[in-house]
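1. What follows is a predicted structure for the sequence shown.
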Amino acid sequence: MKHFLFLLILGFGPWGMAQQYQVVSCGFYNLENLFDTLDTPNVSDTEFSPNGTRKWTPDRYKEKLANLAKVISELGTELTPDGPVILGVAEVENRSVLEDLVREPAIANRNYQIVHYDSPDFRGIDVAFLYQPKYFTVLSSQAVNMALTNADSGRVVTRDLLHVHGLLDGQELHVLINHWPSRRGGEKATRPMRNAAGSMNQHIADSIRYIHPQAGILIMGDLNDDPVNPSVTRHLKGKADKASVRQDEFYNPWTSYYKKGIGTLAYRDAWSLFDQILVSESLISKQDDKFFFFKASIFNPPYLIQPMGHYRGYPFRTFDFDEYINGYSDHFPVTIYLVRPL
């Protein structure tokens, strides 16, 4: 079933004929506090309720949904009109907000389906996986508890890792969606938790490769670390040089962006690139009948850049402190393109 109707021509094949490729976009987007308006018991979400500090009313919630859907509708359309075939998301409160999101008119015709599990995070925010079923078939999924400890050996309650196993137009693909522990309390003090999260992802990837040595694996998420940090380079084995990536390693196409000062979020006038998608070695080399990595991009059109206030020039967020400014997210989304020869 070859549903990818958009064709990409990259050079010429045998006998001087133009080589055509199927194109698929895979994305990740931190949706920045996509909460419903209910004050849920035993969850720290009171601020996102009509009487909370954010005055989170149904009207504001609806505006947030429409804004995010607009971004998703345009994400990845640089090379393929259907946008992301698969999309990892972070900072969603529950399945209900995802159901509201995929019903938004801007993306409703894509028929996005949802894979979501409630995680133990104290704020009630989770990661999730959206996919277009005419292109991607889910075979299995599981939430993996991160089981992390802090510097005092205390248990850290954080977002689960989501592992989705499926078929991308018939080709086996594993996707690990992450939202690693934040730097609250200091980057150095919290570093061991992100290092452990990187090692856990690598352990899962090794288990996949043990059974299926050539399985395609994507690791995506808000890692709360940059491409050059040890959690990514050492523990996750993310490499900037595509040609030197070994079977047990990942290609990280975001390192070059970061070294040029390009990021997905900003803090104290410095850019970070926490939102990343890493690609297994099996998806790097060109093959005659399989998808392989083509390019990566950060989606940051002018309307996603905040024009005023304390965060001018940053990603256009929903709130400027507690002032509602009707933005999108404090993160830019990212996407990669996989292509397959026709």
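-> Yep, it's here.

2. Could you grab the helix/strand/coil label for residue 199?
-> State at residue 199, reduced to three classes by DSSP: H, G, I helix; E, B strand; the rest coil: helix.

3. In contact with it: list those residues for me.
-> 235, 236 (C-beta atoms under 8 Å, 6 or more residues apart in numbering). Yep, even glycine has a C-beta here, placed from its N, CA and C like the rest.

4. run the last query once more with 6 Å
-> By C-beta atoms under 6 Å, 6 or more residues apart in numbering, the residues touching residue 199 are residue 235.

5. what are the ranges of the helices in the stretch 1-150 of the chain?
-> In the stretch 1-150 of the chain, the helices defined using DSSP state H, counting those that start in this stretch lie at 58-74, 95-102.

6. So, low pLDDT: which residues of the stretch 151-300 of the chain?
-> By pLDDT under 70, the low-scoring segments of the stretch 151-300 of the chain are 151-154.

7. What ranges does it have for its strands?
-> Counting by DSSP state E, counting those that start in this stretch, residue ranges of the strands within the stretch 151-300 of the chain are 155-156, 161-168, 171-179, 216-222, 238-239, 250-251, 265-267, 270-272, 275-280, 292-298.

8. Low-confidence stretches in the stretch 1-150 of the chain?
-> Applying pLDDT under 70 to the stretch 1-150 of the chain flags residues 1-17, 149-150.

9. ok, 80 please
-> Along the stretch 1-150 of the chain, segments meeting pLDDT under 80 span 1-18, 41-44, 147-150.

10. Please enumerate the strands of it.
-> With DSSP E, counting those that start in this stretch as the criterion, the stretch 1-150 of the chain has strands spanning 7-12, 18-34, 84-92, 113-116, 126-131, 136-144, 148-149.

11. can you put those strands in TSV and add mean neighbour count and distance to residue 217?
-> Below are these laid out as TSV (neighbours: other C-beta atoms under 10 Å; distance: least, C-beta to C-beta, whole Å):
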stretch	mean neighbour count	distance to residue 217
strand 7-12	11	23
strand 18-34	23	12
strand 84-92	27	13
strand 113-116	18	16
strand 126-131	26	14
strand 136-144	15	14
strand 148-149	16	22
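
12. circling back: redo the helices of the stretch 1-150 of the chain as a markdown table? Include mean neighbour count and distance to residue 243.
-> As requested, those are exported to a markdown table (neighbours: other C-beta under 10 Å; distance: least, C-beta to C-beta, whole Å):
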| stretch | mean neighbour count | distance to residue 243 |
| --- | --- | --- |
| helix 58-74 | 18 | 32 |
| helix 95-102 | 18 | 39 |
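
13. Nearest to residue 273, out of those helices?
-> Minimum separation from residue 273 across these (C-beta to C-beta) falls at helix 58-74, 18.0 Å.

14. what about the closest one, distance to the chain center?
-> Distance of helix 58-74 from the chain centroid (C-alpha atoms, centre = their mean, to the nearest Å) equals 18 Å.

15. Run through who's touching it.
-> Contacts of helix 58-74 (C-beta under 6 Å, 6+ apart): 31, 37, 100, 101, 104, 106, 107, 326, 328.

16. Among those, which one lies nearest to residue 311?
-> Nearest to residue 311 among these, with distances taken as C-beta to C-beta, is residue 328, at 12.2 Å.

17. Which strand or helix spans the closest one?
-> Assigned by DSSP states H and E, residue 328 belongs to no helix or strand.

18. doesn't residue 316 make contact with it?
-> Yes. Checked against C-beta atoms under 6 Å, the pair residue 328 and residue 316 is within contact range at 5.3 Å.

19. which neighbours do the two share?
-> The contact sets of residue 328 and residue 316 overlap at residue 304 (C-beta under 6 Å, 6+ apart).

20. Including distance to residue 171, could the contacts of helix 58-74 go into TSV?
-> Shown next, in TSV, are the contacts of helix 58-74 (distance: C-beta to C-beta, whole Å):
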residue	distance to residue 171
31	28
37	41
100	31
101	27
104	29
106	28
107	24
326	40
328	32
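
21. Tell me the one of those nearest residue 244?
-> residue 31 (34.5 Å).

22. does that closest one really touch residue 89, like I thought?
-> Yes. Counting by C-beta under 6 Å, residue 31 does reach residue 89; the two are 5.4 Å apart.

23. hang on, the earlier thing: just send the strands of the stretch 151-300 of the chain back as JSON lines, with distance to residue 114 and mean neighbour count too.
-> As requested, those are exported to JSON lines (distance: least, C-beta to C-beta, whole Å; neighbours: other C-beta atoms under 10 Å):
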{"stretch": "strand 155-156", "distance to residue 114": "27", "mean neighbour count": "12"}
{"stretch": "strand 161-168", "distance to residue 114": "11", "mean neighbour count": "21"}
{"stretch": "strand 171-179", "distance to residue 114": "12", "mean neighbour count": "23"}
{"stretch": "strand 216-222", "distance to residue 114": "16", "mean neighbour count": "25"}
{"stretch": "strand 238-239", "distance to residue 114": "28", "mean neighbour count": "24"}
{"stretch": "strand 250-251", "distance to residue 114": "26", "mean neighbour count": "24"}
{"stretch": "strand 265-267", "distance to residue 114": "25", "mean neighbour count": "17"}
{"stretch": "strand 270-272", "distance to residue 114": "28", "mean neighbour count": "15"}
{"stretch": "strand 275-280", "distance to residue 114": "19", "mean neighbour count": "26"}
{"stretch": "strand 292-298", "distance to residue 114": "25", "mean neighbour count": "17"}
